[in-house]
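Novice: Any chance you can model this:
(4 chains)
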Protein chains: 4
Amino acid sequence: MGNIFGHTFRISTFGESHGGGVGVVIDGLPAKLVIDLEHVQAELDRRRPGQSRLTTQRNEVDAVEVLSGVAGGASTGAPLAMLVRNADARPGAYDHMRQLYRPSHADYTYDAKYGNRTVEGGGRSSARETIGRVAAGAIAMQLLDALADRRERPRPEIVSWVDQVHSITASVDASTVDRDAVEVDQTRCPDPAAAADMTNAIEQARRDGDSLGGTVRTVVRHMTKGLGEPVFDRLEADIGKAMLSLPATKGFEIGSGFAATEMTGRTHNDPFVPGPDGSPTTTSNHSGGVQGGISNGQPLLFRTVFKPTATISSPQDTVTVDGEVTTLAAKGRHDPCVLPRAVPMVDAMTALVLADHELRQLKHTLL
Amino acid sequence: MGNIFGHTFRISTFGESHGGGVGVVIDGLPAKLVIDLEHVQAELDRRRPGQSRLTTQRNEVDAVEVLSGVAGGASTGAPLAMLVRNADARPGAYDHMRQLYRPSHADYTYDAKYGNRTVEGGGRSSARETIGRVAAGAIAMQLLDALADRRERPRPEIVSWVDQVHSITASVDASTVDRDAVEVDQTRCPDPAAAADMTNAIEQARRDGDSLGGTVRTVVRHMTKGLGEPVFDRLEADIGKAMLSLPATKGFEIGSGFAATEMTGRTHNDPFVPGPDGSPTTTSNHSGGVQGGISNGQPLLFRTVFKPTATISSPQDTVTVDGEVTTLAAKGRHDPCVLPRAVPMVDAMTALVLADHELRQLKHTLL
Amino acid sequence: MGNIFGHTFRISTFGESHGGGVGVVIDGLPAKLVIDLEHVQAELDRRRPGQSRLTTQRNEVDAVEVLSGVAGGASTGAPLAMLVRNADARPGAYDHMRQLYRPSHADYTYDAKYGNRTVEGGGRSSARETIGRVAAGAIAMQLLDALADRRERPRPEIVSWVDQVHSITASVDASTVDRDAVEVDQTRCPDPAAAADMTNAIEQARRDGDSLGGTVRTVVRHMTKGLGEPVFDRLEADIGKAMLSLPATKGFEIGSGFAATEMTGRTHNDPFVPGPDGSPTTTSNHSGGVQGGISNGQPLLFRTVFKPTATISSPQDTVTVDGEVTTLAAKGRHDPCVLPRAVPMVDAMTALVLADHELRQLKHTLL
Amino acid sequence: MGNIFGHTFRISTFGESHGGGVGVVIDGLPAKLVIDLEHVQAELDRRRPGQSRLTTQRNEVDAVEVLSGVAGGASTGAPLAMLVRNADARPGAYDHMRQLYRPSHADYTYDAKYGNRTVEGGGRSSARETIGRVAAGAIAMQLLDALADRRERPRPEIVSWVDQVHSITASVDASTVDRDAVEVDQTRCPDPAAAADMTNAIEQARRDGDSLGGTVRTVVRHMTKGLGEPVFDRLEADIGKAMLSLPATKGFEIGSGFAATEMTGRTHNDPFVPGPDGSPTTTSNHSGGVQGGISNGQPLLFRTVFKPTATISSPQDTVTVDGEVTTLAAKGRHDPCVLPRAVPMVDAMTALVLADHELRQLKHTLL
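Specialist: You can find the predicted model right below:
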């Protein structure tokens, strides 16, 4: 269990870094959505490693194949299944993993959970698993756009970017930043000066056999009001779960987040004023676009933290599966910073949550 | 929707601050669990307002009634339903709420979502809704204890405490702190010096008609290994969702959390060494007890941030439901800091997630 | 588990014949539905025992209380919880049940499942459990009516009646029969001659210390087209599950049902012809209103079989909980035929399935 | 939605008769189950058309590929995905379907539901969709066997057979019939005389351009006691839903079924007597192995009715998608009786429900 996400726009992902392939089944997609497969592939390409010096050098093509659910270029209402083949099965490449537990990887916990040592099963914890999410997320984005078009409202703009790498923090205007600005630099940091520093820091970490963490910041502009359910499925709870389900995440905050402790009720509360269209708007957005678990139409603002990549080429103390003390130094070249690749994953998970809540909200517009 | 939580240990809560009462139905409770109703009531009393100067002065008794699912002092396997009557329905008490939108409350978003103005429905967003969670959480704790007893293992120790109020941060040893220490002071901060400062700060905020936020920190010792599901239902994702579903939360972090950005892979990775019982243990716990979404047996460590209470007695700018500019100053006495009352809510949600994952994990112990 | 039903219009029932009460929580009800509590009570009265010689003599009032989710006479969008108190707890009334297994009751299987002997838990298998379903079903009917009104379409007419008791079969015109006709006679058989024969047969069975089974037939006219999901959640699969979840049911058929074996493709296929409004209609309805799992706008037609009541006052062979051979003769007066009371339960479950699928279908009307 | 089945052993199927392929993702499979892929393929071969004169002549290979979730020959705990490619995409083969509505097919209802005419989407209603179910069902059978082995109990014997074709009814001893006997004849009827008559009747129907329906009967011997959940997820309700979710089904009955109306409580109740192992057993099995929704250890006995195949080569009246009256005569050769192919589908769905309930029952064996 645990491989199904969403209530009404529901996805089921499968596959691991070893084996035939990875993919996703979307159950609950409305019929007649025009499907843009090039966009799906483009989102997959964004998350693909091997694009630059800054990312890992494994070379995968990751061409997506639609197995079902599309006819004449549009969704049929049947499950939309997508598959990406694994092309990179190198026998022996992971042999050392069978012998020992890599620190801060899932090796040991998978063994503890499933009671047997299968490196292949553990491949489910690799970033490759996120292919299914990114593909489904692209479809979710297309659904959000189509809904906005149908309602003659502006399309939602989901923009995530690398906000921080180690001690380097970007300065970005969340009210204007767009995807193009994010994609200018391989770091996916739209602040050029910070991006340059990040590049240097990442390169230095690679030379040191070390790795770096950081944060991804996300804004969603043109939010539908009324998304999110009171109590358990609050919008921030579902978004938070979505982010914390991504590999290597350690925390999540929305709006003021942890900095809320520095404020008081007087400064934190977002005053209402009449908006341009007569409906209330707020003069600040410490709430991050969500009040009482429900979107208020202000931009959704949140931040996700990713730990330094666990795979490093420096020697580390660990134990073998037989409990013997040993030392591990990962061979090959490794991605010293997952942040740039995490951006499309964050975008995708955001779109999945929003699409689900858009469909869940329909019932309240009936009467 | 959104009022059902959990997969195998599943709860459905109902009720709001107005109306007949609040409660919970637990579906999926194993049969033959000895039910300690005094413990349930004690947990409810912990979350009850009106206990001290530090908390709100509304006076409610909140006596829990079991409606079904228990016979001869033990669970029958049928749904366990619990009800707490609302005793505090004061007609007119919320009349002003019908006229305007309170800043950073759910008033406006509930209207946007449901399309009508029902103060009563909005009562679902009040802290009173958490009664059902706390009652069910107490049952979950009893289940966790019974499982540990049956397995002849130490009972899990779920301990949450107020870690920070505004700028005052406690110093607490997570490896030894226990519930008794937490309950010594009304702040639920087990660091006496910090507790005294917090008390002063909260009292000052009350005098100022203002409010304060802060953080609750949680440790779970004697964790079962192997809890959590890869991919979406990672243990930290489910715990994170549970916390972010509590009213007034703005963020969540596990283990190193946002401070992970300050470390590198070398310092962040938790080295494995042979443990006392021969199985691997780690010499640090930056992972916070979870690796790859699955518990590794180390203490679960996380932190949840609560914003300053939205209800303040100082005047605030806002608009009426008709879009007119107005000023709101909440009448009566209000709780200037939700943190002490949040502690039992956090404990309860933690227990609910752990109980659910204990039951979900059973299938992997079969073969 | 197993006490939650529905995907988008989702109910959670609780309570048993012993204990504080029985009830239901509806999660997923659209906001702004005007709630007619008198109708809910009327449906509950229909299922109540003690109304006549033909039904059981236990006397319960079963007044429903709304605990949450309604304000100003309309649904708020929050969970709608309803409670009916148990007034009939007679200590000792069920003592003999503690000693032995009643044949064809759930006594033995509950013991086998839950591993302990709790008559109270077994009360979950009593007809009293259906109170929550009937109350929720009434709300579902009100939702279906409101949707039809909103769409300016005729309201769906859900009409169930007693079609057969033992060897007596009614002759009823499914295209015209209505609720009023069903309620004329205590048998809930709208064929007066058959009703009289059924009454005699039931009275004779009572005198014989025996019991009778039969069938309930259901028609739903003015069906929305397009309800039901391909594959697992076909409309007939969900309706069938709903019926087979009622106590004492042994079978279900839709349209031609088991008689389909007597036909061939030529005679069974429903030919399409142009309908009055131009859209296709069929000249026969062997499909029972569903093709490929989806409603086609023709009347939904199905039939549910109920076994003879297991409780009889004649002596029966059985064993004690200790495995000793013994004889059971139920004391008191018992309902020798569940069929009349089953009618409102069938109506309710039908409405619940249709309301759920109406809400699930919304997403396909978006684009 | 509607393409996910099961609560704890959960499958998600995808694919239609057109497009890349059909398959299934199993989420919730216990780790360490030894996977027998030859058995999976053998079950798929049982459902494959083109095996004989009695079945359709379309020729497909339907070789199954495991995409994920298996390593070293055993389940890893990760989702097990299986894919069968569509090899039979003949452009133009279904062109006539684009022009008109085939009577008693899903053409019209899919259009009504999804609002557009996609023959490809409608392919979801074809028997080919059941490939995913049969593959997953084979895995479920393997799990049931492994559980029995682990408990040192006899393996459950799930045996389905063709019980009736049109007016020809088989005479089969449910207490001894096994899979080998079922597979002797292409009709999958283990009564040789009836099988011969069925063959003749089916061949005659083919010559007549007509089709026949019938019933499949199922027995499961060596049932685990205690499977099934009270109230909604009763074992018979879940089995009934499973059967009614198969294409072309019109009804389901368990135990005495519709014949229960012919009995009275005295003759229908199953008397308890001490069993060979001391625990109670029953001297009759009108209950069909389920009492109060929970298995009692007696054989599970149920029957499913399939209508005559809707595709016939005789001319039929229908309308075009534009509402014009027309005549359809299906071209090519068609399967005049789905019953033999339905047998492995029924076996598979039965295994899926039992596996799910075995896993759901685990929690009650804890305390």
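Novice: Show me where the stretch 1-150 of chain A has its helices.
Specialist: Taking DSSP state H, counting those that start in this stretch, the helices of the stretch 1-150 of chain A run over residues A:37-47, A:107-114, A:119-122, A:130-150.
Novice: Buried residues in the longest one, which are they?
Specialist: Of the residues in helix A:130-150, those buried by neighbour count under the rule 16 or more other CB atoms under 10 Å in any protein chain shown are A:130-148. (Glycine included, C-beta is placed from N, CA and C.)
Novice: Is chain C within reach of it?
Specialist: Yes. Against chain C, helix A:130-150 shows contacts by CB under 8 Å from any CB of the partner chain at A:A146, A:L147, A:R150.
Novice: Show me what that helix is packed up against.
Specialist: Identification of packing neighbours for helix A:130-150 by 3 or more CB pairs under 8 Å, 6 or more residues apart in numbering or on different chains; DSSP states H and E yields strand A:10-14, strand A:21-27, helix A:37-47, strand A:80-85, helix A:339-361.
Novice: Please state the offset of the helix or strand harbouring A:T267 from the chain centre?
Specialist: Using DSSP states H and E, A:T267 falls within helix A:265-268. The chain centre lies 31 Å from the centre of helix A:265-268; the measure is CA atoms, centre = their mean, to the nearest Å.
Novice: List of residues touching that helix?
Specialist: A:256, A:260, A:286, B:104, B:205, B:210-213, B:307-312, B:314, B:316, B:336 (CB atoms under 8 Å, 6 or more residues apart in numbering or on different chains).
Novice: same thing with stretch A:35-44?
Specialist: Applying CB under 8 Å, 6+ apart, the contact partners of stretch A:35-44 are A:62-64, A:66, A:70, A:73-75, A:80, A:82, A:84, A:131, A:134-135, A:137-139, A:141-142, A:344, A:347-348.
Novice: circling back: dump the helices and strands packed on helix A:130-150 into a markdown table; add distance to B:L37 and mean pLDDT as well.
Specialist: Output for these, formatted as a markdown table (distance: least, CB to CB, whole Å; pLDDT from 0 to 100):
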| stretch | distance to B:L37 | mean pLDDT |
| --- | --- | --- |
| strand A:10-14 | 38 | 95 |
| strand A:21-27 | 41 | 95 |
| helix A:37-47 | 51 | 94 |
| strand A:80-85 | 49 | 96 |
| helix A:339-361 | 36 | 97 |
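Novice: okay if I get the ones you listed as CSV plus mean neighbour count?
Specialist: Shown next, in CSV, are the helices and strands packed on helix A:130-150 (neighbours: other CB atoms under 10 Å in any protein chain shown):
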stretch, mean neighbour count
strand A:10-14, 29
strand A:21-27, 28
helix A:37-47, 18
strand A:80-85, 26
helix A:339-361, 27
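Novice: can you list the weak-confidence ranges in chain A?
Specialist: Within chain A, the stretches with pLDDT under 70 are A:49-60, A:88-96.
Novice: Angles on the backbone of the residue of chain A lying at maximal distance from its centre, please.
Specialist: For chain A, the residue at maximal distance from the C-alpha centroid (CA atoms, centre = their mean) is A:E324, at 36.6 Å. Taking degrees, to the nearest 10, you get phi -90, psi 140 for the backbone angles of A:E324.
Novice: residue contacts, it?
Specialist: B:P274.
Novice: likewise A:V70?
Specialist: Applying CB under 8 Å, 6+ apart, we find A:V70 in contact with A:I35, A:T76, A:L80, D:G19.
Novice: Of these, which count as buried by neighbour count?
Specialist: Buried by 16+ other CB under 10 Å: A:I35, A:T76, A:L80, D:G19, out of the contacts of A:V70.
Novice: buried set for the helix holding A:T267?
Specialist: For helix A:265-268, burial by neighbour count (16+ other CB under 10 Å) applies to A:G265, A:R266, A:H268.
Novice: Residues in contact with the helix or strand following it: which ones?
Specialist: Following helix A:265-268 in sequence order, the next helix or strand is strand A:272-274 (DSSP H and E). Strand A:272-274 is contacted from outside by A:280-283, B:101, B:103, B:108, B:317-319, B:323-325, using CB under 8 Å, 6+ apart.
Novice: and with 6 Å instead?
Specialist: A:P280, A:T282, A:T283, B:Y101, B:P103, B:T318, B:V319, B:G323 (CB atoms under 6 Å, 6 or more residues apart in numbering or on different chains).
Novice: now stretch A:277-294
Specialist: Under CB under 6 Å, 6+ apart, the answer for stretch A:277-294 is A:223, A:228, A:230, A:234-236, A:254-256, A:268, A:270-273, A:275, A:295, A:298-301, B:101, B:104, B:106, B:108-109, B:113, B:125, B:319, B:323.
Novice: hmm, back to that, I'd like the contacts of strand A:272-274 as a markdown table, with secondary structure appended.
Specialist: A markdown table is the format used below for the contacts of strand A:272-274 (DSSP: H, G, I helix; E, B strand; the rest coil):
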| residue | secondary structure |
| --- | --- |
| A:P280 | strand |
| A:T282 | strand |
| A:T283 | coil |
| B:Y101 | coil |
| B:P103 | coil |
| B:T318 | strand |
| B:V319 | strand |
| B:G323 | coil |
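Novice: Measure how buried A:V182 is and give me the count.
Specialist: 22 (other CB atoms under 10 Å in any protein chain shown).
Novice: show me what contacts the residue nearest to it when sequence neighbours are not counted?
Specialist: Leaving aside its sequence neighbours, A:V182 sits nearest to A:W161 (CB to CB, 6 or more residues apart in numbering or on different chains; 4.7 Å). If you count contacts by CB under 6 Å, 6+ apart, A:W161 has them with A:V182, A:R188, A:P190.
Novice: quick one, phi/psi of A:W161?
Specialist: Dihedral angles for A:W161 - degrees, to the nearest 10 - are phi -150, psi 160.
Novice: likewise A:H222?
Specialist: phi 60, psi 50.
Novice: And the residue farthest from the centre of chain A, how far from B:I11?
Specialist: According to CB to CB, to the nearest Å, A:E324 and B:I11 sit 45 Å apart.
Novice: go on, A:A181?
Specialist: Counting by CB to CB, the gap from A:A181 to B:I11 is 44 Å.
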